[in-house]
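Colleague: Take this sequence and fold it.
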Amino acid sequence: MRLERLRDLRDDKDLTQQYVADYLHINQRTYSRYENDQRMIPFQILSALADLYDTSVDYLIGRTDVKDPYPKKKR
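Modeller: Numbers count the residues shown, from 1 in each chain. Below you'll find the model as predicted:
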């Protein structure tokens, strides 16, 4: 699964791989491997990336072209 949207979203926000890696509390090289599809991304990381980019995990992995995040349920 190639996650091309990760780089596109990062570039759109003018963020570096190092910034995103720091946000995720991981090594920059690890993040680079996620972005280049050289390493599988754990669900927790995908979820954090969706939060960072204000989108859904489904959008990140290409299951939908709707960029908006899912509506939050009222408690």
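Colleague: The protein: helices as residue ranges?
Modeller: Assignment of helices within the chain using DSSP state H yields the ranges 4-12, 17-24, 28-35, 43-52, 57-60.
Colleague: Nearest to Pro69, out of those helices?
Modeller: Closest approach to Pro69 among the helices of the chain is made by helix 43-52 (6.7 Å; C-beta to C-beta). (Glycine included, C-beta is placed from N, CA and C.)
Colleague: For that closest one, list every residue counted as buried.
Modeller: Ile45, Leu46, Ala48, Leu49, Ala50, Leu52 (16 or more other C-beta atoms under 10 Å).
Colleague: Closest to Thr16 out of those?
Modeller: Leu52 (13.0 Å).
Colleague: Surely that closest one and Tyr19 touch.
Modeller: No. Taking contacts as C-beta atoms under 8 Å, Leu52 lies outside contact range of Tyr19: 9.7 Å.
Colleague: center of the chain - which residue?
Modeller: Leu49 (3.4 Å; C-alpha atoms, centre = their mean).
Colleague: Can you get me a residue count around the residue lying closest to that one once chain neighbours are set aside?
Modeller: Closest residue to Leu49 apart from its sequence neighbours, by C-beta to C-beta, 6 or more residues apart in numbering: Leu60 at 6.1 Å. Leu60 has 22 neighbours, counted by other C-beta atoms under 10 Å.
Colleague: Also Asp12?
Modeller: 10.
Colleague: tell me the pLDDT at it?
Modeller: Looking at Asp12, its pLDDT is 95.
Colleague: Low-confidence bits of the protein, can you list those?
Modeller: 1-2, 71-75 (pLDDT under 70).
Colleague: The same query, at a cut-off of 80, please.
Modeller: 1-3, 70-75 (pLDDT under 80).
Colleague: For Ser32, grab the count of nearby residues.
Modeller: By other C-beta under 10 Å, 15 other residues sit near Ser32.
Colleague: Grab the nearest non-local neighbour of it.
Modeller: Gln17 (5.5 Å).
Colleague: looking at it, the one you found is touching Arg10, isn't it?
Modeller: Yes. Gln17 lies in contact with Arg10 (C-beta under 8 Å); the separation is 7.2 Å.
Colleague: Mind listing the shared neighbours of the two?
Modeller: Glu35 (C-beta atoms under 8 Å, 6 or more residues apart in numbering).
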